[in-house]
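**Q** Sequence first, predicted coordinates after that:
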Amino acid sequence: MVSEKPIKKIIIVRAGPAGLLLGILLAKQGINITILEANTELDKNPRAAHYASIAIQEMRRAGVLEDVQREGYIPEGVCWREFDGTYIAGIKSHVDDPDVMVCLPLDKLIRLYYRHFQKEKMGNLLWAHKVVGIEQDVKEARVICETPEGTKTLGADYVLGCDGANSQVRKSLFGKEYPGETLHSQIIATNVYYDFHKFGYWDSNFIVHPEDWYMAAKITPDGMWRVTYGDKIGLSTKEYLERQPMRYEHLLPGNPKPGDYRLMNASPYKLQQRCAPSFRVGRFILVADAAHLCNPFGGMGLTGGFADVTSLYDCLIAIQNGLTTDKILDKYSEIRIKKWAEIIDPVSRGNFRRLWAEDAIPERLAFFEMCKKMDTDEEMQKGGAAASVLRVFLIWNALTDR
């Protein structure tokens, strides 16, 4: 048996999906958890919405899955279409799979997590605590925070940086450089009420075209859709937003004009493929977007973040229970970086490239044939092979060694 001092307190930076889920899980194990949130309220941006099997498993372990399933819904599946809407291939969800994908906009998920976190006696969330610096010694990790009451320094056994792509924890550890690249593409993420179903569209659709590619996915039971499309590079945010009605009319089925839909929000952003040099420096640990980034096509970023959560939680509880030393946290960093390099980065790049790249046509055709076979081949369906869209994209990527 390994002897290790029990973990008494952990600070989590930011009340996002990774931070709140880790907070719930760790507080249930009797660890004193303090979450620091720079803002005065939870993030209201819907952002991601689809949660694959790895996330479902952690939600179940945290005791939140039933609420997530009740407030969200199970998408019927995912399909690929030509620009004119012609169905190419698709894979239906298997609702009898206990880990079947669930859809719920991230802002609603975060609020659900927060309600559960508030019930934990060992959990505390401090609003308007903006981390501006860090320090540590062999016994403690400390964060320096700007608060309405002035500057404060808070300490804990470990600090978990769950503070997103612009993570101050990561910047304090490694400087402003975030290794990787910004892809030479521009996307516009929008949320809209528009009836895609009347055109025969499934709940999740990828439109394949060299220029007019886009994604349309239903994200709420009452019919709000996420539409993410590409646009020309180099314009201002104002110009992209001004172009949105024209792009919708050109891209979407039925060629809708503004009066035909209800636009909730629109946000231009660049695609990033980045990974921190290490996810552990002493008593500071990086998680999810603070540790790695990828483009959103295929859901690898959020799925990878939840995989960080499950891995890190298991490591910390093993330390807490005296089963290992803190060296296991180096292994967390090593393995999660390896998974980013071998799975998250190449698969997410491949998912995006195959929507538009002409040299990806042979791969697409082979993948679509596999989808069609999976619909009727019981052997391919065994073990829930068709139940997770993530598995679909992994199969897609496996068709090439790129």
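**A** Thanks, I have the structure now. Remember, predicted model here, so these are calculated numbers, not experimental data. Numbers count the residues shown, from 1 in each chain.
**Q** Which parts of the stretch 101-250 of the chain are helices?
**A** 106-118, 168-174, 237-251 (DSSP state H, counting those that start in this stretch).
**Q** Run through the helices of the stretch 301-402 of the chain in chain order.
**A** Under DSSP H, counting those that start in this stretch, the stretch 301-402 of the chain gives helices at 328-339, 345-353, 361-376, 378-381, 389-398.
**Q** any idea which of those scores lowest on pLDDT?
**A** Comparing mean pLDDT across these, the weakest is helix 389-398, with a mean of 43.
**Q** what sits against the residue sitting nearest the centre point of the chain?
**A** The chain has L302 as the residue nearest its centroid, 1.5 Å off, counting by C-alpha atoms, centre = their mean. L302 makes contact with 17, 48, 50-51, 55, 106, according to C-beta atoms under 8 Å, 6 or more residues apart in numbering. Glycine gets a C-beta too; all of them are placed from N, C-alpha and C.
**Q** Also Y214?
**A** Applying C-beta under 8 Å, 6+ apart, the residues contacting Y214 are 207, 227-230, 251.
**Q** tell me which residues form a beta bridge with the closest residue to it other than its chain neighbours?
**A** Nearest-residue entry for Y214: Y229, 3.7 Å, with adjacent residues in sequence omitted and distances by C-beta to C-beta, 6 or more residues apart in numbering. Y229 has these beta-bridge partners by DSSP bridges: I188, Y214.
**Q** confidence score at Y229?
**A** 96.
**Q** going forward can the numbers begin at 58, since that is how I track them
**A** All right, first residue 58 from here; so that's Y286.
**Q** pretty sure it contacts I245?
**A** Yes - assessed by C-beta atoms under 8 Å, Y286 is found in contact with I245 at 5.7 Å.
**Q** tell me, what's touching the two both at once?
**A** Common neighbours of Y286 and I245, counting by C-beta under 8 Å, 6+ apart, are R304.
**Q** still on that earlier bit, would CSV of the contacts of Y271 with distance to H241 be doable?
**A** Below are the contacts of Y271 laid out as CSV (distance: C-beta to C-beta, whole Å):
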residue, distance to H241
I264, 20
V284, 22
T285, 17
Y286, 16
G287, 11
L308, 21
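**Q** Quick one: residues contacting Y286.
**A** 244-245, 247, 269-272, 304, 308.
**Q** returning to that earlier point: packed most tightly, which of the helices of the stretch 158-307 of the chain would that be?
**A** helix 225-231 (a mean of 21; mean count of other C-beta atoms under 10 Å).
**Q** which residues are contacting that helix?
**A** Taking C-beta under 8 Å, 6+ apart as the rule, helix 225-231 contacts 70, 187-191, 200, 216, 218, 220, 235, 333-334, 338, 341, 343, 347-348.
**Q** Stretch 132-147 too?
**A** So stretch 132-147 is contacted by 107, 148-150, 158, 160, 256-266, 269, 274-275, 310, 421, 424-426, 428-429, 446, 449 (C-beta under 8 Å, 6+ apart).
**Q** For that stretch, list the C-alpha coordinates in CSV.
**A** Taking Å, rounded to 0.1, in the frame of the first residue of the first chain, the C-alpha atoms of stretch 132-147 are listed here in CSV:
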residue,chain,number,x,y,z
PRO,A,132,-30.8,12.9,-31.3
GLU,A,133,-32.1,10.4,-33.9
GLY,A,134,-28.7,10.2,-35.5
VAL,A,135,-26.2,11.9,-37.8
CYS,A,136,-26.2,12.1,-41.6
TRP,A,137,-24.3,13.6,-44.5
ARG,A,138,-25.9,15.4,-47.4
GLU,A,139,-25.2,17.0,-50.7
PHE,A,140,-25.5,20.8,-50.9
ASP,A,141,-29.0,20.4,-52.4
GLY,A,142,-30.1,18.4,-49.4
THR,A,143,-29.8,15.0,-51.1
TYR,A,144,-29.2,12.3,-48.4
ILE,A,145,-25.8,10.5,-48.8
ALA,A,146,-25.5,8.3,-45.7
GLY,A,147,-26.2,8.3,-42.0
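**Q** got the buried residues for it?
**A** Within stretch 132-147, the residues that qualify as buried by neighbour count (16 or more other C-beta atoms under 10 Å) are 132, 134-138, 140, 145-147.
**Q** Show me the two of the residues you listed that sit farthest apart.
**A** P132 and F140 (22.1 Å; C-beta to C-beta).
**Q** Can you flag the buried ones in the contacts of stretch 132-147?
**A** Judged by 16+ other C-beta under 10 Å, buried ones among these: 107, 148, 150, 158, 160, 258-265, 274-275, 310, 421, 424-425, 428, 446, 449.
**Q** and of the contacts of Y271, the nearest to L93?
**A** Closest to L93, out of all of the contacts of Y271 and judged by C-beta to C-beta, is T285, at 31.0 Å.
**Q** ok, now which ones touch D387?
**A** With C-beta under 8 Å, 6+ apart, D387 has these contacts: R337.
**Q** Report how many residues lie close to the closest residue to G80 other than its chain neighbours.
**A** The shortest distance from G80 to any non-neighbouring residue, by C-beta to C-beta, 6+ apart, is to I90 (4.8 Å). Residues near I90, counting by other C-beta atoms under 10 Å, number 25.
**Q** residues contacting P278?
**A** 129-130.
**Q** how much space between the residue lying closest to K289 once chain neighbours are set aside and E203?
**A** When the adjacent residues along the chain are set aside, K289 lies closest to Q243, with 6.9 Å between them (C-beta to C-beta, 6+ apart). Between Q243 and E203 the distance is 34 Å, computed by C-beta to C-beta, to the nearest Å.
**Q** Would you mind putting the contacts of Y286 into CSV with distance to D365 alongside?
**A** Below are the contacts of Y286 laid out as CSV (distance: C-beta to C-beta, whole Å):
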residue, distance to D365
I244, 24
I245, 28
T247, 28
D269, 35
W270, 29
Y271, 29
M272, 24
R304, 34
L308, 34
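**Q** of the residues you listed, closest to Q175?
**A** Out of the contacts of Y286, the member with the shortest distance to Q175 (by C-beta to C-beta) is T247, at 32.1 Å.
**Q** pLDDT wise, what is the closest one at?
**A** For T247, pLDDT reads 95.
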